[in-house]
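> take a look and give me a structure for this.
(chains A, B, C and D)
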There are 2 protein chains.
Amino acid sequence: MAGVRLQDVAERAGVSMKTVSNVVHHHPHVSASMRERVQRAIDELGYRPNALGRQLATGRTGLLALAFADVRLPYFSELANLVSRIAETTGTGYRLLLEETEGTLEGERAVLSTSEAGLVDGMLFQPAQISAREIAERHGDLPIVLLGEGSAPLTMDKVMIDNVAAAAAATRHIAALGRKRIAFLGHEAQALSSTSRLRILGYQEGLEQSGLVAEPAMLIASDAVSPTASARSLGAALDSGLRIDGLVCRDDLAAMGALRALHERGISIPDDVAVVGWDNIAFTETTFPSLTTVAPNLDQLARVALDMLVERIAGFDGLGRHRVVDFELVVRESAPAPLLASPPLDDAEFTAR
Amino acid sequence: MAGVRLQDVAERAGVSMKTVSNVVHHHPHVSASMRERVQRAIDELGYRPNALGRQLATGRTGLLALAFADVRLPYFSELANLVSRIAETTGTGYRLLLEETEGTLEGERAVLSTSEAGLVDGMLFQPAQISAREIAERHGDLPIVLLGEGSAPLTMDKVMIDNVAAAAAATRHIAALGRKRIAFLGHEAQALSSTSRLRILGYQEGLEQSGLVAEPAMLIASDAVSPTASARSLGAALDSGLRIDGLVCRDDLAAMGALRALHERGISIPDDVAVVGWDNIAFTETTFPSLTTVAPNLDQLARVALDMLVERIAGFDGLGRHRVVDFELVVRESAPAPLLASPPLDDAEFTAR
DNA sequence: CTTCAAATTTACAGCGCTAGAAGTCTGGAG
DNA sequence: CTCCAGACTTCTAGCGCTGTAAATTTGAAG
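Next up, the predicted model:
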């Protein structure tokens, strides 16, 4: 059963290898009788084409690397699931190789400089630390599309959402509830990521658009991207006297941590503090209260990224294309829609190009 | 830069391909001067060995398939992260190919019958639907280790935890809090999975060991493995008059849904209802209240599974080995330790073989 | 019955690398 | 100064499949 080669089938059927290959690939120019004869030999021998031989001959592997910090973060696992499902039906049907960088510089370098070439046809990469220059220098000739708002060389493709606009929309949403003391939770204490930077920028913009003033004291950093770390940070801030009535979180994990910290202190959500998260991960639907959150259009993101990657693999080598995909603010219990009064926000405010 | 072959390096250095290959692999019998000369050529040409050629020549790819229902389920993403980290440092350093089955029979069949051979060296597979017989028939000659308590042929390796013992321990833990009406939440309404079956069995055993009686009405099925579905099911059961004071959940997602359903109805946890989850996913630490849960020793599971798989790949072909790994009950707020009175449970009760 | 173009099928040269056999070159022993 | 073991290198096959070009067959027209 194992180790049956194309040649074996060819001999059995009394034809050339190439004819067998044509049959296997449903190529045209194979007469029905021949096709049947070959197929019988294939079945009798239990032949299964060997991927390695094919790959070497064609130079393609049908594999894409998906590189990001950590699959355990729901945003990434949801992305992986989506990309995997879309990739399966895209092009020749790509499969995914999982590459975790742990969000560290070394991890990201490692992902870019695998000593072996040819293993994957292309890569989807969400960098967090590495600089644009290093990405450009290290990627060799591997087709790559970058995800997220990290640093990106002008020569490479990239897909992201408009973080500033989204953060501003989220912040305005809270302000529209009449909140005046709106804090931001969950950015890095050291080495602010570009993601956090943009979101904080948008937060400030949203405050100003709502006639409020940004204060450094309202920025609550967190040690890690995790509910635990965020709960600890917010808890400490509250315990040391910080008074807030609204909270924009860098991501849903931070928001979940916030729910915990607020509950523990008997602070009611959204009555005392309105909370908005970011990413619209599955859990936001069932937390208590459920989370209002910025929902990037992940499906669109994955499709656009894969399309561009497939084009690159096919040989496109123009300058980098930077695509912006939609987001929307999903309103749930933690920061409900403003009751009435203020006119409903225009849709356009929630949807960027 | 791209397309530099071993041969090019050999010519540049004025040596044979084999010598270059020896240098690349740090093989012995290469004089220092020769090594240096070759290395210079490699650096000058920016040579990177092509994985495909190597793979075809050695017959190994260094890839393992990791197949399970859906990466979005935290249990699986945590497993993937762990396996990926351990595999990286195991054997020759394996990398992971992600294969999602969606938990469907077709998905599982597809994973087992990829038409191409040779792509991966082995597979870690957590089946949910497919029968032992079909697994045995379809896997061809691909080395596989099965994960979880699904159906497994006697000829194949498998790693799991003692679900019955764990469910019994969880149930006794709740009973030890003095609860009498302990329900079970989260199994499939149709086509019970083996996982659910074993856990329900253990639940019944735990009840009986605590002098309680199992009642069919206390089994609350759920449409899907998700907090949303479980919240809906439990909510409906409560609304239609079901009275409970304890709840054993099939998994942490069901438990998270339960928290939501109970909160919505103003039922206090753990005062009114004590809840135990299963899997010890990261979120259990920060839900409100935090979740007491059955924690399989995932690290051990991953290591044992990888060890067996590596042995299979190396040629071992003895009968299937079924390994049972440890679990422990992690006690948190949703079902705290019994206050005093009843003697502390013996450790042995929480740790199986 | 030829004849020729179209339709099929075959031959064969790699894709890039590894591994075992075979060859070449040391330096010390005889 | 010759010979030989041991140390290093080179040779030479493939690994299994595909793509191109050439060879063969087929079928309709003449």
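
> how about low-confidence regions in the stretch 201-350 of chain A?
A:340-350 (pLDDT under 70).

> closest residue of it to DNA strand D?
Nearest residue of the stretch 201-350 of chain A to DNA strand D (Cβ to the nearest atom of the strand) works out as residue A:314 at 14.1 Å. Just so you know, the C-beta spots here come from the backbone N, C-alpha and C atoms, and that holds for glycine as well.

> how much space between that residue and residue B:282?
40 Å (Cβ to Cβ, to the nearest Å).

> now residue A:230
Noted for residue A:230: a distance of 13 Å to residue B:282, by Cβ to Cβ.

> same question for residue A:24.
Applying Cβ to Cβ, the value for residue A:24 to residue B:282 is 45 Å.

> cool, residue A:130 as well?
From residue A:130 to residue B:282 the distance is 26 Å (Cβ to Cβ).

> give me the contacts around the helix or strand encompassing residue A:133.
Using DSSP states H and E, the element containing residue A:133 is helix A:132-138. Helix A:132-138 is contacted by residues A:109, A:112-113, A:125, A:127, A:144, A:146, A:151-153, A:155-156 when judged by Cβ atoms under 8 Å, 6 or more residues apart in numbering or on different chains.

> among the residues you listed, the buried ones, what's the PyMOL command?
Those of those that count as buried under 16 or more other Cβ atoms under 10 Å in any protein chain shown are selected in PyMOL with:
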select buried, chain A and resi 112+125+127+144+146+151+152+153+156
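
> state the distance from the spatially closest residue to residue A:64 that is not a sequence neighbour to residue B:78.
Of all residues not flanking residue A:64 in the chain, residue A:94 sits nearest, at 4.7 Å (Cβ to Cβ, 6 or more residues apart in numbering or on different chains). Residue A:94 sits 25 Å away from residue B:78, going by Cβ to Cβ.

> what residues does the stretch 1-150 of chain A have near DNA strand D?
In this structure, the stretch 1-150 of chain A approaches DNA strand D at residues A:3, A:5-7, A:17-18, A:21, A:24-25, A:49-50, A:52-54, A:56-58, judged by Cβ under 7 Å from any atom of the strand.

> make it 6 Å
Residues of the stretch 1-150 of chain A lying close to DNA strand D by Cβ under 6 Å from any atom of the strand are A:3, A:5-6, A:17-18, A:21, A:25, A:49-50, A:53-54, A:56-58.

> show me how far the helix holding residue A:133 is from its chain's centre.
Between the centre of helix A:132-138 and the centre of its chain there are 20 Å (Cα atoms, centre = their mean, to the nearest Å).

> other SSEs contacting the next helix or strand after that helix?
As assigned by DSSP H and E, the chain's next helix or strand after helix A:132-138 is strand A:144-147. Using 3 or more Cβ pairs under 8 Å, 6 or more residues apart in numbering or on different chains; DSSP states H and E as the contact criterion, the elements in contact with strand A:144-147 are strand A:122-125, strand A:157-161, helix A:298-313.

> tell me which strands strand A:144-147 pairs with, and in which orientation.
strand A:122-125 (parallel), strand A:157-161 (parallel) (DSSP bridges).

> with mean pLDDT added, can I get the ones you listed in TSV?
Below are the strands paired with strand A:144-147 laid out as TSV (pLDDT from 0 to 100):
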stretch	mean pLDDT
strand A:122-125	97
strand A:157-161	97
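
> higher neighbour count, residue A:130 and residue B:282?
Using other Cβ atoms under 10 Å in any protein chain shown as the criterion, residue A:130 and residue B:282 rank with residue A:130 on top: 21 against 18.

> ramachandran coordinates for the most centrally placed residue in chain A?
When Cα atoms, centre = their mean is applied to chain A, the residue found nearest the centroid is residue A:79 (4.7 Å). Dihedral pair for residue A:79: phi -60, psi -40, per degrees, to the nearest 10.

> surely residue A:95 meets residue B:97?
Yes - here residue A:95 reaches residue B:97: they are 6.0 Å apart, a contact under Cβ atoms under 8 Å.

> find the residues that touch each one of these two.
residue A:63.

> now the residue of the stretch 251-353 of chain A found nearest chain B. Nearest residue, chain neighbours left out?
Closest residue of the stretch 251-353 of chain A to chain B, Cβ to the nearest Cβ: residue A:286 (3.8 Å). Nearest residue to residue A:286 in three dimensions, chain neighbours excluded: residue B:227, at 3.8 Å (Cβ to Cβ, 6+ apart).
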